[in-house]
Structures are given as structure tokens and as C-alpha cells.
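In: Predicted model follows, preceded by the sequence.
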Amino acid sequence: MSEITAPALTPKDFATDQEVRWCPGCGDYSILAQVQKIMPGLGIPKENIVIISGIGCSSRFPYYMNTYGMHSIHGRATAIASGLKATRPELSVWIVTGDGDGLSIGGNHTIHLLRRNFDVNVMLFNNQIYGLTKGQYSPTSEENKVTKSTPYGSIDHPFNPLALAMGADATFIARTMDRDPKHLQEALIRSHRHKGASFLEIYQNCNIFNDGAFEIFTEKASKPDNTLFLEHGKPLVFGANKDKGIKLDGFKPVIVDLNDGASTSDLWVHDERDFYKAQILVRMFDDPRVEGHLPRPFGVFYETDRACYEDVMQLQIEDVMAKGKGNLDKLLRGKETWTIA
Amino acid sequence: MIRKEQVLQDVVIKFAGDSGDGMQLTGTQFTNNTALLGIDLATFPDFPAEIRAPQGTLPGVSGYQLRFSSDRVFTPGDECDVLVAMNAAALKSNLKALKKGGKIIANTDGFDAKNLRLANYPDGVNPLEDGSLENYEVIKMDVTKMTREALKDITMGTKEKDRAKNMFVLGFLYWMYNRDMENTIQFLKDKFGKKAEILDSNVKALQAGYNFGDTTETFTTRYKVDKARMESGEYRSIMGNQAVAYGLIAASQKSGLPLFLGSYPITPASDILHELSRHKGFGVKTFQAEDEIAGIASAIGAAYGGALGVTTTSGPGMALKGEAMGLAVMLEIPLVICDIQRGGPSTGLPTKTEQSDLLQAYYGRNGECPMPIVSASTPSDCFSAVYEAVRIAVQHMTPVIFLSDGYIANGAEPWRFPKSDDLPPIVVKFKTELGHGEEKFQPYLRDEKLVRPWAIPGIPGLEHRIGGLEKQNNTGNVSYDPENHQLMVKIRQEKVDKIADYIPEQTLDSGPETGKILVLGWGSTYGAIKSAVAELQQQGYAVSHAHLRYVRPFPKNLGTILKNFDQVLIPEINNGQLIKIIRDQYFVDAKGYNKIMGVPITKTELVMKLQEMLGRVN
């Protein structure tokens, strides 16, 4: 089918006639817009794209994308996508999930999808709250958070989603945010290009139940000093004047002031392929409310090549078939038979 | 030495020993040997849930019951003629199932002080010595000693040598029933070919057992069972779970749909996963998922992509899959869910049989969530029943539940296997383009069967979204409209009900069209009901037997059949489940016969029940 030259697609071709029903001001709008923007450039025929979601606000996503899509059940999009990718490796499969869907009820499937390394793209919309059920804390909510279900403050310790992905041996780990369209687009394109399971955490603002959760990272005034944008081969520099950097003191990342004796040659140079340093990078997860906290990194933390589940599955079959295809009559007959006249 | 040969019609042997004694293997070998002679048979393996329960104890006893006959048999037998007891616990837990006058082949080494104590015999009591077995014919042999003696020239440890004990016993039985041992020797060669010592020790022990029978003067009689009068044709031996796997492969081949199994290991269903994972030559993809939910969810994903999606499980797994089954009902995509039932609730009796998931299969989901149910009645019937389940799933775009249970899953019987050309076709039609006048694809536009099109990703112009939310009729768009919801609930129900137009009418397995009692069964009670009903028919009673394959929807004529009898008896290995549905749908005052002991219903108890009912109406 890819041999047919289709007319160039535009973002509009990826929109459906369905009314988008997220709350006005929701971060999901930006994510939808960026996904629609990058899709034409990926060079995949629209009919070969499948978007699978679970349950939650973010999981309405497939209804708004004019591709094949399934809005499934809570937490199971990853498992459904696994079966689809195993049998239809040629499809471009995108999973839309949230912090509740992908890390709480569906946490088990998320880690197993990552370790198996199906060639799919996981977009985890993290808003640190349960939106669709109207405001309970989520597995990524900060401690002491007062919500409908935690009037005295949450006593749950939150997940660090990227460290979890690292622990599950994900082959592509990245973070971006709804408020930075360019970065978001770039992150989506990188996710798509990666052969293997891509885990992209997207900070997404829920303006109804958790407004401003990521404000410190997204707002003009505070963003430069609190975020660290990773670029492969470049030193870790941040700050409004690009005058602060991250240096490794043993295994510990520390902030240095480039105006105060430190030079860029002392800094940690980001290498997306460095498995060990990636473990440190994903652990740069300080509470931004605490004085002296490290900036929060965004971008591609880690990427590696590992065989994809669906490819090895197919290879095993081809190996066996090369020695002889199955013969149904032979199978049914078995080894030992007897005849009754 | 002059020996008699006595021809028997029907023999039931129970092999019983410690779960590490290899009784399942011994039983299976004797079964295959029997089958190859064209003798009819039925088996009942019965083993503990623990892989190696404490050695020598009562809970650790593993048994394998085999009935073989020159007549047709449909059950593994209510009582045994021969009990092989490898230790005291094996004797104790099986003695009550041995016929008076039956033979006990006892391994005396398994009756030492330690084994007697572990089997809870009082101090100083040995049943082999105290005369308590005087109503039986006891054949005592020190299997351990004789096996070690036979293997004295092999340089392996005593522990390893003792593993061949079961072969000694098998060899002796081969002598006793006048058998050729070639198939077992070949089996051992295939299994241990590369391990010369183990092969050698097993073959030597087998031959030593045979020779022991041959040279010991006390054994004066050998037995023979003639070929059964079975329908002519080529046969093989088959077990239920194996037949499920073969049925799925056959359906995949005949439909042209690649087979995908998403499954999580669970007793007694795991053997289907094991079997299917061996058949990559048919392009079968098996996915051992991280849990039961991922098992079915991955199968849904595969079915959405155009594969034959299957998941296999047992009761606890069915409970976990419930929500995903509901999704498949809403998506209206084909899927086969195989539930190999076991004793419940909760973990229950993992290795024991029960038919207690019927109501779960019928009703066990949130919302109005109808799904067709097909059940298998014997080990070989699993093949055609699961094949039917696939046909219904793909032709009616619906998830289908296939019910089997531990009894038939592990039981074996002769099977006149079909030729692939003779299997009914399974025609699958994917939607490949927009129809005439169809401007935009409507994923829920239905045909005369109320079936929606199967439109898989990759087809340009048919891009669409489906999901678990209620959808508008025809368009499939999300809809919360009250009238629409009622309409959709009714349509989904009617779609499943309509399957009754596409399945065969119910027939009577035996007996007159009208009469005193109809025994209505489903699933693994088939053999016991058939045998019991036959006995009453021979006594001249107007008793008939109908056995359901299609449990939902029921065949269209079932109501008529039920009303042709004064009474209806529904035997089930549960607390009364089919009976509830029958009463509900047909207003028939059916009676139940319910046994919930983790074992099959016997012919004898059913005969008694039927006699009691006949007494009442006469």
C-alpha cells in the first residue's frame, strides 16, 4: 500500500469531525495540535497509523485523530498495542496514556512493554492528578498533596516515571512539556524515529484540578533556571543567561556557576547512549520547591538499540518455517495411529 | 510353564504412587499401547496441586486411571479392577475405588515403617500383612529392590536408578496384559536418546518387569482385551488440551487468519499454551503475557489487526479478563476465550475438575454483555468445539467463550481424526473498500446477521475509531443518547441470539423423542450420562439423553425437546448452574444432580438417581 503515491498530507487531514471535549485551557489541546503537525512529515500513510489509548482524559485522544484508533479500557492500551504490533509489525503504533492509566492501573503492562521493546511510541501525559474522576491524587502527585481523596495530604511517595522506565530497560527515554510546542514536536519525531519502545513523558497541565503543577518549568520567568534542555554532545548548561552548568562530582551532579570560575569544559557532556550516566540523569528529580534543587532535565535522556520483540518473534517463525512449513494433516495424524477396518 | 490366557471385556487400572513416581507417564504409556491395539479407552489423570507434595503422604498421591474395553467406553470407570500402589499412601487413598476381588499390585518397599507412618496407618499396622485385604488379590513385589538388581551393571546413583521403578511396573503390566512393548521402547529412545545411561536404565527396568511376570510361577494367567468395534477409520490417541490446540491451528489454517495466543500460565489450561508454542511452522504466535489481563488484551489487539485472537485460562483468569471481554463485546471483534474450568471459588482446587464457571461465562461481566458459549464434552470433542467457537467468532464478529474442564483437558481417548479437506470452511471477509454510495466508513453498519464489518488497519479510506464507550448506531461515534443506548443494548443481544439461526438444531444423543426422563447435560458429564442412560434404556425405560454443545444461544428447538419429557434431569459438577438458565428460559421444572467433589460424576450414581426418579413417576 505504501507504493501508492498519496498526495502530501497536512495537519488538517489528521483531524476528525468529532468535537474535541477537553476542558478549555487543557494542555491536551497543545499535544493534539503538535501530534497533528508532525504526522504529515513522518512519511507514513495515514491508514498505517494506529493510536491506542486506555482510560482518562488523555485517552480520548484517538477520537480526534483521523487514523485507525482504539479507545480501550483502563491501563490496558499497552497490552492491546503489544498484541497488535506482534501481529502487524508494519503498522506505526502510538499509545496514549496518562499517569493514572500508565503508571497506576496499567503500571504492570507499561514496564513489560518497555522490557520487551515492541517498536511502539508511548506518550505518557503526566498531569500529576486524576482528572476524569475529578481530582484525586495520582501516582505522580507530590507528597502531602491535598486532593479530594487526601484531605489531610497524600502520604504516597510518587513515582519518578523516567527512572521507572530506565529500571524496565526502556530503549528510548525522553521528557517534554505541553507548553513548549517546538520541543514537543521534536520529542515526538525522535520517539517515532526510534526503533523500539519509546517512552515519552509529557508534562501536561490540568487547569481544572491541578493548575500550575509544572508552572515552574513552563513559565517564562522561572523556566530558564529550573529546566535543563538536553542536547546530545553538548554540555549541560542552563539559566536565563546560559551561565549555569551541571558537573559530575563522582556520581553526583552539582550546579556550577560559569561566571564564577567554572568553564564549560568542566561540564557534563550529554551522551544519549551513555547507559550509566542516564541513570543519574533520570534521578535529577528534585522537588522544585526545595532551595538549591537541581534543574529538571527535558529532552532525550537515553537511547539504545535492542532487538524488537515483534521482529525476533517473526524471525523464530521464519527459522522454523525454513525447515518446513506446518502440515495440518500431518499434525492431526500425529506419530502413532491405528486403523480399524 | 503352562499359562492360561483369559479374554476380558472391560478393565480399569489405576496407577497410583507418589507424585514423583512417574505415574502419569506410566499411565500415558500404557494408554498409548492400548490405543494402538484398537481397544477403546478413556482415562482420568488425578494429581495433586503441588509439584512435589511431601513424599509418601496422602496429599502427595498422584493417580492415573485407565479403562479399556472391547466394547465402546465413555467414562474411565467408576471402580477399578486393578490398583497399582507404589506406596502405602497410594493404597490408602484409592482402596475404596477398588472392586471387591480386584487386584492390588503393591510395591512392598513403599510399605516400610516410614511410608506406613506417612500414610497415617497406626503403629505396627501394615495392610499388606494384617489380613485386611483378604477380599482382594494382592500381588506383592519389591519393585525398588528388583529394579536396583536389574540395573546393577549400570554406573549410576541409587537415586537415579530408583527413578526407573515405574518402568518395572509398566513392564510387568505389559506382560500381564500380553502386550508388545515396542512403542514404549521407541518413546524412551526419543525421550532419552542422547542420555545413554538413562535410556538404558529405563529399558532394562521395563524388560526386567516383563521378565519378572514371565518367569515367576505364581502368575498363571495373562489377560487379553480384544479390539473394540469402533467405526472404521484411522485413529490416534488425543488429550483434551491437545485437541484445543489442534482445533485452533486447524481453524487458523482453514480461515487463513494467522493465530495469535495471548495467555498467562494457569492450571489446567497451560498445556494449550505449551502445545501452541511448539507449532511455529504454522505461523502461530504465542505471547506469554505478564498477567491474565494482558493475555486477553494482547489477543484483542491481534484481533483488531486481523489475526485470530485467542486467550486461554481457567476460572480465576476468567474473573480477571471480565472487563476486557466487555471491551471485545463493545468493539464487536472476533476473539476466542478458552476457559478450562477447575474447582473454585478463588484458587479453589487447581488440579481438580468442576463445571462451575458456566454462570461466570454467562453473566460475569459488567453491563448487558452477552457472549456466545460453546462447550466440549470429551477430549476429542475439544477439537471440533473450539473450531466451532472460532467459526462463530469470525462470522458473527463477537468474542466467544469455549468451555472445557480439567477432566477432559487431561483425559485421553481414541480419536478418528479428520482430514483437513473434510473440515468445514471458515469464510472470513475483511472490509477492503467503501461500499457503493458509502461516503464515509460506518464501522457499525450491520448485515442481515446484525454483524458489523471487520475493517483492519492498513486499508486507506476506512480509518475509524472504536472503543469501549457506548457508540451511536451505524457511525460508531461516541453517543450518550438514552434511546441510542437502549437500541444498542438490544442490538448486541439480538446479534448473539441470532447465532441460533446459524448453528445446528439440538439432537438427542440417544433414546426416544418423547418419554419419561430427558437427561440434559453439557461438557464433561457426557460419558457418565451416556453410559447411565444406556443402562436404563437396556432395562426398558424411556430415558433419553441430550447433550449441549451450544450453551449460548441454545439451539432453537431445545424448548420443544424439553417439553417432550415428563421430567428433565440436569447433572452438573457444580451447585446447579445450567439448571438455573434452563428454568429461566423455558419454565421447565428441571431437577439437578450435583456433585461438587472435584471429580467427575460416575455412571453408577447417575443410574441410581434415574432409578429413584423413575420410581417416583411410575
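Out: On my side now, so go ahead.

In: quick one: contacts for residue B:115?
Out: By C-beta atoms under 8 Å, 6 or more residues apart in numbering or on different chains, residue B:115 lies in contact with B:56, B:87-89. For every residue, glycine as well, the C-beta is placed using N, CA and C.

In: What values do phi and psi take at it?
Out: Main-chain dihedrals, residue B:115, degrees, to the nearest 10: phi -70, psi -40.

In: Return the residues in contact with the residue of the stretch 201-341 of chain A found nearest chain B.
Out: Closest residue of the stretch 201-341 of chain A to chain B, C-beta to the nearest C-beta: residue A:326 (3.5 Å). Neighbouring residues of residue A:326 by C-beta under 8 Å, 6+ apart: B:249, B:253, B:279, B:281-283.

In: about what we covered before: which one of the contacts of residue B:115 is nearest chain A?
Out: Once C-beta to the nearest C-beta is applied, the member of the contacts of residue B:115 that ends up nearest chain A is residue B:87, at 31.1 Å.

In: For the closest residue to the closest one other than its chain neighbours, report the pLDDT, please.
Out: Excluding the flanking residues, the one nearest residue B:87 by C-beta to C-beta, 6 or more residues apart in numbering or on different chains is residue B:110, at 3.0 Å. On pLDDT, residue B:110 comes in at 95.

In: Would you confirm that residue B:110 contacts residue B:84?
Out: No. Under the criterion of C-beta atoms under 8 Å, residue B:110 is not in contact with residue B:84, lying 10.7 Å apart.

In: between the two, who's got more neighbours?
Out: Counted by other C-beta atoms under 10 Å in any protein chain shown, residue B:110 and residue B:84 do not tie: residue B:84 has more neighbours, with 32 against 27.

In: The more buried one belongs to a helix, doesn't it?
Out: No. Assigned with DSSP: H, G, I helix; E, B strand; the rest coil, residue B:84 falls outside any helix and is strand.

In: Next up, the contacts around it.
Out: With C-beta under 8 Å, 6+ apart, residue B:84 has these contacts: B:13-17, B:23, B:26, B:90, B:105, B:169, B:173.

In: what does residue A:125 give?
Out: Taking C-beta under 8 Å, 6+ apart as the test, what residue A:125 contacts is A:27-28, A:31, A:57-58, A:96-99, A:202, A:204.

In: top of these by neighbour count?
Out: Sorting those by how many neighbours each has (other C-beta under 10 Å) puts residue A:98 first, at 33 neighbours.

In: separation between that residue and chain B?
Out: 16 Å (C-beta to the nearest C-beta, to the nearest Å).

In: Tell me what that residue is bridged to.
Out: residue A:125 (DSSP bridges).

In: hang on, isn't it packed against residue A:56?
Out: Yes. Proximity of residue A:98 to residue A:56 meets the contact threshold set by C-beta under 8 Å, at 4.3 Å.

In: Helices of the stretch 1-150 of chain A, residue ranges please.
Out: A:28-38, A:77-87, A:99-100, A:107-116 (DSSP state H, counting those that start in this stretch).

In: Point out the most buried one among those.
Out: helix A:77-87 (a mean of 31; mean count of other C-beta atoms under 10 Å in any protein chain shown).

In: Over in the stretch 151-300 of chain A, which residue gets nearest chain B? Let me know.
Out: residue A:168 (11.2 Å).

In: so what's that residue scoring on pLDDT?
Out: Looking at residue A:168, the pLDDT reads 98.

In: before we move on, back to that, what do residue B:110 and residue B:84 both touch?
Out: B:17, B:90.

In: circling back: tell me the secondary structure for the residue of the stretch 201-341 of chain A closest to chain B?
Out: Following three-state DSSP, we place residue A:326 in the coil state.

In: Which stretches in the stretch 51-200 of chain A count as strands?
Out: For the stretch 51-200 of chain A, the strands defined by DSSP state E, counting those that start in this stretch cover A:68-71, A:92-98, A:120-126, A:172-177, A:198-203.

In: now the chain, which segments are flagged as low pLDDT?
Out: No chain specified, so I'll use chain A. For chain A, the stretches flagged by pLDDT under 70 are A:1-7.

In: hmm, I had chain B in mind actually
Out: In the predicted model, chain B carries pLDDT under 70 at residues B:1-2, B:616-618.

In: same thing but 90
Out: Counting by pLDDT under 90, chain B contains low-confidence residues at B:1-4, B:19-20, B:46-55, B:155, B:193-194, B:216-221, B:435-438, B:615-618.

In: domains for it, by residue range?
Out: B:4-225, B:236-422, B:439-493, B:515-613 (automatic domain parsing).

In: just how off-centre is the third one within its chain?
Out: When you say that, I think you mean domain B:439-493. Relative to its chain's centre, domain B:439-493 lies at 37 Å (C-alpha atoms, centre = their mean, to the nearest Å).

In: got it, and stretch A:201-215?
Out: Taking C-alpha atoms, centre = their mean, the mean C-alpha location of stretch A:201-215 is offset from the chain mean by 16 Å.

In: That stretch: which residues count as buried?
Out: For stretch A:201-215, a neighbour-count test (16 or more other C-beta atoms under 10 Å in any protein chain shown) marks A:201-210, A:213-214 as buried.

In: Among these, name the ones in strands.
Out: If you go by DSSP state E, the buried residues of stretch A:201-215 have A:201-203 in strands.

In: list the contacts for residue A:78?
Out: A:54, A:95, A:97, A:102, A:106, A:109-110, A:112-113, A:122.

In: Residue A:184 versus the most centrally placed residue in chain A, what's the distance?
Out: Here the mean C-alpha position of chain A is nearest to the C-alpha of residue A:200 (C-alpha atoms, centre = their mean), at a distance of 2.2 Å. In this view, residue A:200 and residue A:184 are 9 Å apart by C-beta to C-beta, to the nearest Å.
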